[in-house]
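A.B. asks: Just need the structure, nothing else, for what follows:
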Amino acid sequence: MKNEVRLIGGRFKRSKLPVADRPGLRPTPDRVRETLFNWLGQDLSGWRVLDAFAGSGALGFEAASRGAAEVLLLERDARLVASLRESRERLGATALRVEQADAMAWMGGAAAGRFDLVFIDPPFDAGLADAAARAAARLVGSGGFVYVEAPEALTEPPPALQLHRHARAGAVHAHLFQRAA
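C.D. replies: Residues are numbered from 1 along each chain as shown. As a prediction, the model looks like this:
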């Protein structure tokens, strides 16, 4: 049986995204996504968003569903990239782009201040949360946010960011950092 995740808000509310059975793939739980978008506000109109370890695409599609002007999903796994592109077409998510890339390498070469929001949700067992959060910190402009999901609480905020919110749901620690305006 194919697993799926349901989008919880916005234009694509109740739409389903497939979740492939891939090592390390563990979509953000509904409760955590709901909390995150309560923190951010429901309307992301005009925002530029990066979902750096897209996986199922739940975070990026949720942002597109809530009006983000540009959503870039990065995913290394070719099968997941194909699935994300199929979901994009099926939903008509025209603000959303999918790129097959290594998130860490891509972020290292991206322009500073390019995004309003960066989602960091690497495979849980990869140990990448801290390094990815540091890489993402320079990608958000003034007032921008970096969301990090990790198996443990991050002890240090990424450079130039302050902890805005933190929550724990089961094994998931959700952190929302913000760059000072």
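A.B. asks: C-alpha only now, for contacts and for neighbours.
C.D. replies: OK.
A.B. asks: residue ranges with poor pLDDT in the protein?
C.D. replies: For the chain, the stretches with pLDDT under 70 are 1-2.
A.B. asks: Who are the contact partners of the spatially most central residue of the chain?
C.D. replies: By C-alpha atoms, centre = their mean, the chain has its centre lying nearest to Phe119, at 3.0 Å. Residues near Phe119 by C-alpha atoms under 8 Å, 6 or more residues apart in numbering: 49-53, 59-60, 146-148.
A.B. asks: give me that answer again for 6 Å
C.D. replies: Contact analysis of Phe119 by C-alpha atoms under 6 Å, 6 or more residues apart in numbering lists 51, 147.
A.B. asks: again, but for Arg165
C.D. replies: 175-176.
A.B. asks: what pairs with it across the strands?
C.D. replies: Counting by DSSP bridges, Arg165 is bridged to Leu176.
A.B. asks: how far away is the residue nearest to the centre of the chain from Asn3?
C.D. replies: The gap separating Phe119 from Asn3 is 22 Å, by C-alpha to C-alpha, to the nearest Å.
A.B. asks: cool, Arg165 as well?
C.D. replies: For Arg165 relative to Asn3 (C-alpha to C-alpha), the value is 30 Å.
A.B. asks: again with Val49
C.D. replies: From Val49 over to Asn3 the distance is 25 Å, taken as C-alpha to C-alpha.
A.B. asks: what's the strand ranked longest in the chain packed up against?
C.D. replies: Ranked by residue count under DSSP state E, the longest strand found in the chain is strand 140-150. Secondary-structure packing of strand 140-150 (3 or more C-alpha pairs under 6 Å, 6 or more residues apart in numbering; DSSP states H and E): strand 115-120, strand 172-179.
A.B. asks: who's in contact with the helix or strand following the first one?
C.D. replies: Going down the chain from strand 115-120, the next helix or strand is helix 129-137, by DSSP states H and E. Surrounding helix 129-137, the residues in contact under the criterion C-alpha under 6 Å, 6+ apart are Pro158.
A.B. asks: angle of helix 129-137 against strand 140-150?
C.D. replies: 160 degrees (axes from the mean of the first three to the mean of the last three C-alpha atoms, to 10 degrees).
A.B. asks: List the buried residues in helix 129-137.
C.D. replies: By 16 or more other C-alpha atoms under 10 Å, the buried positions in helix 129-137 come out as 129-130, 132-137.
A.B. asks: now stretch 20-34
C.D. replies: Neighbour-count burial for stretch 20-34 [16+ other C-alpha under 10 Å]: 20, 25-28, 32-34.
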